[in-house]
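>>> My questions are about this predicted structure, shown below with the sequence.
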Amino acid sequence: MGISIKKVNELPPESLIQFLEEQQGTPANHTRWKYFDSEFNAGRLRGFAAMQDSRVVGMLGLIPFTASLNNETFETAWTCDWFV
């Protein structure tokens with residue numbers, strides 16, 4: 001089956017938690033806080049995951065922030081946590 005890309009906030013948290021534990025040794029509570037804590041995330045998207053057969057096989061994290069240019073503000077993000 002092919003690979004699809006999903007927003008992290010559309011995933012069951014356990015799928016990303018399992019992936020990051022297996023691939024990087026990231027503790028489950030860290031992943032829950034960083035990617036699924038709505039208060040910390042302020043409702044903003046924190047990343048994308050590559051899915052194959054309903055399993056996370058890669059991900060790209062985002063660090064959202066508000067920027068300004070020429071007296072205009074806009075929402076944007078830095079990339080972080082690239083894993084395949």
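That came in fine, so what should we check first? Treat the numbers as computed from the prediction; the structure is a model and nothing was measured.
>>> contacts, neighbours, all on C-alpha from now
Will do.
>>> Strands along the protein, start to end?
Read by DSSP state E, the chain holds these strands, from start to end of the chain: 4-7, 47-52, 55-69, 72-83.
>>> from those strands, which stretch is densest packed?
For the strands of the chain, the stretch with the most neighbours on average is strand 47-52, a mean of 20; neighbours defined as mean count of other CA atoms under 10 Å.
>>> what pLDDT, on average, does it get?
Strand 47-52 carries an average pLDDT of 96.
>>> Now do that strand: which elements does it pack against?
Here strand 47-52 is seen to pack against strand 4-7, strand 55-69 when contacts are counted using 3 or more CA pairs under 8 Å, 6 or more residues apart in numbering; DSSP states H and E.
>>> Just send those back as a markdown table, with mean pLDDT too.
As requested, the helices and strands packed on strand 47-52 are exported to a markdown table (pLDDT from 0 to 100):
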| stretch | mean pLDDT |
| --- | --- |
| strand 4-7 | 96 |
| strand 55-69 | 94 |
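>>> To residue 77, which of the ones you listed lies closest?
The stretch from those with the least distance to residue 77 (CA to CA) is strand 55-69; that distance is 4.0 Å.
>>> how much does that closest one deviate in direction from strand 72-83?
On the basis of axes from the mean of the first three to the mean of the last three CA atoms, to 10 degrees, strand 55-69 is oriented at 150 degrees to strand 72-83.
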